[in-house]
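*Asks:* This is a predicted model, with the sequence first.
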Amino acid sequence: MPLPGDPNRITVTGTFEDGEGNPLSGSLTFTPSADLVDPVGAVIVRAEAVTARVVAGSMTPQALLCTDNSSIAPSGWTWSVSEFLGGESSNLPTRTYSVFLPHASGSTVDLASLSPVLPQPAASAVISTATPCTGPPPST
């Protein structure tokens, strides 16, 4: 179902082979990193997985929302990609990563051309690396 305002989408494609060049089968899931809101159209897109099948090495093309749509909140969200490859019975992800899908990528993009988003350090990690205070504690 199209969203009101027709936000930008990109069709994601992909080809998957093992180290010897043999085609892999399985599936990929694409999950938004947050629930998305289109305040103009009063629509909520839940952060639920969209599944794309991979048969004989070729992923079924999947049209996904661009991560830089100005009408979609929050900004800065990503698609989490989980690959379940190695056979039809593969039920554990072989790899999970996040990607941005900017509209500038064109109408179609190959998943192999996208760079995974590096996770940001947790606030506690940043605080723990701060320079410790020296001197006497403040008087009360």
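*Replies:* Received it, and whenever you're ready, just let me know what you need. Residues are numbered from 1 along each chain as shown.

*Asks:* Quick check: buried residues in stretch 29-40?
*Replies:* Neighbour-count burial for stretch 29-40 flags Thr29, Phe30, Thr31, Pro32, Leu36, Asp38 (criterion: 16 or more other Cβ atoms under 10 Å). (Glycine included, C-beta is placed from N, CA and C.)

*Asks:* Start from the N-terminal end of the protein and give the strands.
*Replies:* 9-13, 26-32, 36-38, 43-45, 50-55, 58-59, 62-65, 79-85, 95-99, 108-110 (DSSP state E).

*Asks:* which one of the ones you listed has the lowest average pLDDT?
*Replies:* In terms of average pLDDT, strand 43-45 trails the rest of the strands of the chain, at a mean of 82.

*Asks:* ok, that one: who's next to it in the sheet?
*Replies:* strand 36-38 (antiparallel) (DSSP bridges).
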